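J.: Let me see the structure of the following:
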Amino acid sequence: MTNDEVAKLVELVAERMLERRTWLPVPTRPEPPGDPTPGALPAWSGAAQRLVDVAPVRRQTGVPRHRPEYPAMVAAARQAAAARGPSPLPSGTKAGADRAATKQTRRTVGIGVSNRHLHVAPRDFEILFGKGKTPSVKRNISQPGQYAAAEAVSVAGPKGRIEGVRVVGPARGATQLELSPSDCQVLGVAAPVTLSGKLERSAGGVTLEGPAGKVQLALGVIVAQRHLHVAPADGKTLGVADGDKVAIECGPAGRRVTLHDVLVRLGPSHATELHLDLDEANAAGVKTGDTAVIVAASHPSAAGRRRPLLTERDVALLAARGETVSPHGPHLLTPAARDRAKALGVWRDGA
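T.: Predicted structure coming up:
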């Protein structure tokens, strides 16, 4: 071709392109036929194809299918999410009722916030309040047989003092002052975190001042370790035994925390309640009367046992019974089971 012929061909092609003509027709997807099942997948979707169409199975007349058709399951799940139908879970409850039942039946406990207080031995009480005096009941508290007394003392430490520390009765064998870490900073004492009654490593160096006298403590000042009181009747329901350690989730949105190494104290003298000091409660944004959820438990007697493996079906059954699962619970989970637990709202991460 000559140069003139090439130039004319280019002009011709440019003219055709400027006319915005389509050389080939644009492919269009045909409209799918109407489906009487609301929320069902379209007929042209591969996921909508029935398994029996691919691999027919001979079935006796009257024998129910192992599971409903996939489009029906999709429609049921969508209707349940919109609160317009039953849940496709084995429980068959209404939308939202599965989660509501979970909140009611899962391992929920009440919270009791312990402010600074004093347990006093009979001899020290007489020094502080007068000979022959005993604590008088102001109001009963949650634990059976215990009460907040009408009497209170002042506590003086190396750096400061705290007024109005309430006495908790009845009298004990040894005087014990329970403080929060913030209280210890005010007084200038380094009290250890330990269980109530375990005073071997407790601190001293404070003076109790009452209306009748003073008592200097060489031992007995502690920061109470967070613990869970459990009544014997609730031990089986909560799945815990005396001496277990549990992880507990508590607090409102934005302040929610998971507390680890919460010691279980189970016995006839206990009422089921989580005890936190004032600093812990303020950090989590909770108060007395709020609720918390046990999300994991370690059983010393069960050390070395094999953890059973949970599948998607197992997780669905646990959710239907109102139970939760976590990565540190007594079970191992397949990746699909973990995803199912998150989808059903029963996954408790960080436990």
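J.: who touches the closest residue to Gly130 other than its chain neighbours in this structure?
T.: The shortest distance from Gly130 to any non-neighbouring residue, by CB to CB, 6 or more residues apart in numbering, is to Ala212 (4.4 Å). Heads up, the C-betas are built off the backbone N, CA and C, glycines and all. Taking CB atoms under 8 Å, 6 or more residues apart in numbering, we find Ala212 in contact with Glu126, Ile127, Leu128, Phe129, Gly130, Lys133.
J.: Just name the closest of the residues you listed to Met1, please.
T.: Set against Met1, the nearest of the contacts of Ala212 by CB to CB is Leu128 (117.2 Å).
J.: What's the biggest helix in this structure, counting residues?
T.: Longest helix of the chain, by residue count under DSSP state H: helix 3-18.
J.: Mind jotting down where the helices sit in the stretch 51-200 of the chain?
T.: Using DSSP state H, counting those that start in this stretch, the helices of the stretch 51-200 of the chain run over 51-54, 70-81, 97-105, 122-129, 181-187.
J.: Pick out the shakiest of those, pLDDT-wise.
T.: Lowest mean pLDDT within those: helix 97-105, at a mean of 42.
J.: State the three-state secondary structure for Gly243.
T.: Classification of Gly243 by DSSP: H, G, I helix; E, B strand; the rest coil places it in coil.
J.: thought Val264 was touching Asp244?
T.: Yes. Using CB atoms under 8 Å, Val264 makes contact with Asp244 at a distance of 4.3 Å.
J.: where exactly do the helices run in the stretch 201-350 of the chain?
T.: Using DSSP H, counting those that start in this stretch, helices in the stretch 201-350 of the chain cover 232-238, 278-284, 312-320, 335-344.
J.: Just the angle for the last one relative to helix 312-320, thanks.
T.: Using axes from the mean of the first three to the mean of the last three CA atoms, to 10 degrees, the direction of helix 335-344 lies 30 degrees away from that of helix 312-320.
J.: one step back: which residues touch the longest helix of the chain?
T.: Residues outside helix 3-18 that contact it (CB under 8 Å, 6+ apart): Met1.
J.: Could I get the CA-only coordinates of it as PDB?
T.: C-alpha atoms of helix 3-18 as PDB (Å, rounded to 0.1, in the frame of the first residue of the first chain):
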ATOM      1  CA  ASN A   3       1.200   6.200   1.800                       C
ATOM      2  CA  ASP A   4      -1.900   7.800   0.300                       C
ATOM      3  CA  GLU A   5      -3.800   4.600   0.600                       C
ATOM      4  CA  VAL A   6      -2.700   4.100   4.300                       C
ATOM      5  CA  ALA A   7      -3.800   7.700   5.100                       C
ATOM      6  CA  LYS A   8      -7.300   7.100   3.500                       C
ATOM      7  CA  LEU A   9      -7.700   3.800   5.500                       C
ATOM      8  CA  VAL A  10      -6.900   5.600   8.700                       C
ATOM      9  CA  GLU A  11      -9.400   8.300   7.900                       C
ATOM     10  CA  LEU A  12     -12.000   5.700   7.200                       C
ATOM     11  CA  VAL A  13     -11.400   3.900  10.500                       C
ATOM     12  CA  ALA A  14     -11.500   7.200  12.400                       C
ATOM     13  CA  GLU A  15     -14.900   8.100  10.800                       C
ATOM     14  CA  ARG A  16     -16.300   4.700  11.800                       C
ATOM     15  CA  MET A  17     -15.100   5.200  15.400                       C
ATOM     16  CA  LEU A  18     -16.500   8.700  15.600                       C
END
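J.: Flag the helix or strand of this structure with the lowest per-element mean pLDDT.
T.: When the helices and strands of the chain are scored by mean pLDDT, DSSP states H and E, helix 97-105 comes last with a mean of 42.
J.: Tabulate the helices of the stretch 201-350 of the chain (TSV), appending mean neighbour count, distance to Ala76 and mean pLDDT.
T.: What follows is the helices of the stretch 201-350 of the chain, written out as TSV (neighbours: other CB atoms under 10 Å; distance: least, CB to CB, whole Å; pLDDT from 0 to 100):
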stretch	mean neighbour count	distance to Ala76	mean pLDDT
helix 232-238	14	32	88
helix 278-284	18	38	94
helix 312-320	19	14	80
helix 335-344	17	15	86
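J.: got those as JSON lines, with distance to Ala75 columns?
T.: Formatted as JSON lines, the helices of the stretch 201-350 of the chain follow (distance: least, CB to CB, whole Å):
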{"stretch": "helix 232-238", "distance to Ala75": "37"}
{"stretch": "helix 278-284", "distance to Ala75": "42"}
{"stretch": "helix 312-320", "distance to Ala75": "18"}
{"stretch": "helix 335-344", "distance to Ala75": "17"}
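J.: so which of the ones you listed comes closest to Ile141?
T.: In terms of CB to CB, the element of those nearest to Ile141 is helix 278-284, at 15.2 Å.
J.: Just name whatever secondary elements that closest one is in contact with.
T.: strand 108-114, helix 181-187, strand 257-266 (3 or more CB pairs under 8 Å, 6 or more residues apart in numbering; DSSP states H and E).
J.: one more time with 7 Å
T.: Packed against helix 278-284 by the contact rule (3 or more CB pairs under 7 Å, 6 or more residues apart in numbering; DSSP states H and E) you find no helix or strand.
J.: Distance from the chain centre to it, please.
T.: The chain centre lies 16 Å from the centre of helix 278-284; the measure is CA atoms, centre = their mean, to the nearest Å.
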